[in-house]
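Engineer: Sequence below, structure please.
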Amino acid sequence: MTETTLFMDNFYIFDDGHVRQFLITGEDEALLIDTGFEDSHVYEAVRKITDLPVRVILTHGDVDHAGGLKDFGKCCLHKADWHLVKGDIELEPLSEGDVFMCGGYRFETIEIPGHTYGSVAFIDREKKLLLPGDSVQKAGPIFMFGSHRNLDLYIESQKKMCTLSEQVETILPCHHEYPIGPECIGRNLEDALALKNGELAGEKHPYLPCYSYKGKWTEFYYENEA
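Structural biologist: The predicted structure is shown next:
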C-alpha cells in the first residue's frame with residue numbers, strides 16, 4: 001500500500017515500501033516525478049490529492065520508476081533510457097538544463113548517467129533541494145549491474161554532483177532512508193572509486209545476477225567478480 005506524506009508546501013511523497021515518487025501541486029497543473037511499479041497504484045494516490053492535469057517526468061527508466069506510466073500515457077525522459085519503457089507511452093526528451101516550475105518550486109534537470117545511461121537529477125537551488133533518483137543513497141544497495149549501467153559514468157556523475165553539494169541541504173532519494181544530506185554524494189563517490197579500483201571484496205548475491213560490494217559507506221550490486 002502506498003503511503004502519502006506532505007513533506008513541504010505543495011510537495012507530497014508517495015512510498016510503497018520499495019520506491020518513492022514525488023508530487024508537486026500547482027494552480028493549473030501538478031508535477032509528478034516517477035511513477036513507481038505498475039502495482040504501486042501511484043495514479044490512485046495522485047487523484048486522492050488533486051484532479052489537476054499531471055505532467056510526468058522521470059529520473060530514469062527502470063521499471064520501478066516507469067511501471068505506472070500506463071496510467072498517465074505520457075512522460076518526459078532522457079532519450080538514453082527510452083528503450084527501457086514498455087508499452088504505448090508518448091515519450092518527450094529530457095535534457096540538461098530543462099526547467100520545470102510548479103507550486104513554488106523550480107526544478108532544473110541535471111544529467112547524471114551511470115546508474116542508467118539516461119539518469120537525471122532535479123535540483124531546486126533556491127530551496128536547496130535535490131532529487132537524484134537512485135544515484136545518491138545512504139548505504140544502498142545501489143544497483144550497478146546490467147548492460148544499461150556504467151560504473152565509470154556513475155563516478156563522473158558523482159563528481160559532477162559534488163560540485164553542487166554546497167547548493168544542497170536536503171536530498172530525497174527514491175530508495176532507503178530519507179531525507180539525507182549532501183555528504184552522501186561524496187561518500188557514494190568514495191566507495192564507487194574503491195569498487196572501480198578493486199579495493200572491495202565481492203560476495204555472490206543469493207538470487208540476483210551480481211555481486212555485493214560493501215564500501216565504507218555504501219553497498220553496490222555490481223556484476224563483476226572481485
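
Engineer: in this protein, which residue is closest to the centre?
Structural biologist: residue 133 (1.0 Å; Cα atoms, centre = their mean).

Engineer: Setting aside sequence neighbours, what's the nearest residue to that one?
Structural biologist: Ranked by Cβ to Cβ, 6 or more residues apart in numbering and with sequence neighbours excluded, the top spatial neighbour of residue 133 is residue 59, at 2.9 Å. Backbone N, C-alpha and C define where each C-beta goes, glycine included.

Engineer: what are the phi and psi values for the one you found?
Structural biologist: Main-chain torsions, residue 59, degrees, to the nearest 10: phi -70, psi -30.

Engineer: And it, how far from residue 121?
Structural biologist: 7 Å (Cβ to Cβ, to the nearest Å).

Engineer: hey, what's in contact with both of those two?
Structural biologist: Common neighbours of residue 59 and residue 121, counting by Cβ atoms under 8 Å, 6 or more residues apart in numbering, are 131, 132, 133.

Engineer: Include pLDDT when you put these into TSV, please.
Structural biologist: Formatted as TSV, the shared contacts of residue 59 and residue 121 follow (pLDDT from 0 to 100):
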residue	pLDDT
131	98
132	98
133	98
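
Engineer: Would you mind putting those into JSON lines with secondary structure and distance to residue 104 alongside?
Structural biologist: Converted to JSON lines, these look like this (DSSP: H, G, I helix; E, B strand; the rest coil; distance: Cβ to Cβ, whole Å):
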{"residue": "131", "secondary structure": "strand", "distance to residue 104": "15"}
{"residue": "132", "secondary structure": "coil", "distance to residue 104": "21"}
{"residue": "133", "secondary structure": "coil", "distance to residue 104": "22"}
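
Engineer: Looking at the residues you listed, which is nearest residue 55?
Structural biologist: residue 131 (14.8 Å; Cβ to Cβ).

Engineer: residues contacting the closest one?
Structural biologist: If you count contacts by Cβ under 8 Å, 6+ apart, residue 131 has them with 22, 33, 59, 107, 121, 122, 123, 171, 172.

Engineer: Now the buried members of these.
Structural biologist: Buried by 16 or more other Cβ atoms under 10 Å: 22, 33, 59, 107, 121, 122, 123, 171, 172, out of the contacts of residue 131.

Engineer: what are the bridge partners for the second one, then?
Structural biologist: Each beta-bridge partner of residue 33 is listed here: residue 22, residue 57, as defined by DSSP bridges.

Engineer: Am I right that it is in contact with residue 122?
Structural biologist: Yes. Counting by Cβ atoms under 8 Å, residue 122 is a contact partner of residue 33 at 6.6 Å.

Engineer: list residues touching both of those two?
Structural biologist: Residues touching both residue 33 and residue 122 (Cβ under 8 Å, 6+ apart): 57, 59, 131.

Engineer: which regions of this protein sit below the pLDDT cut-off?
Structural biologist: Applying pLDDT under 70 to the chain flags the ranges 225-226.

Engineer: need the longest helix for it.
Structural biologist: Scanning the chain for the helix with the most residues, using DSSP state H, yields helix 183-196.
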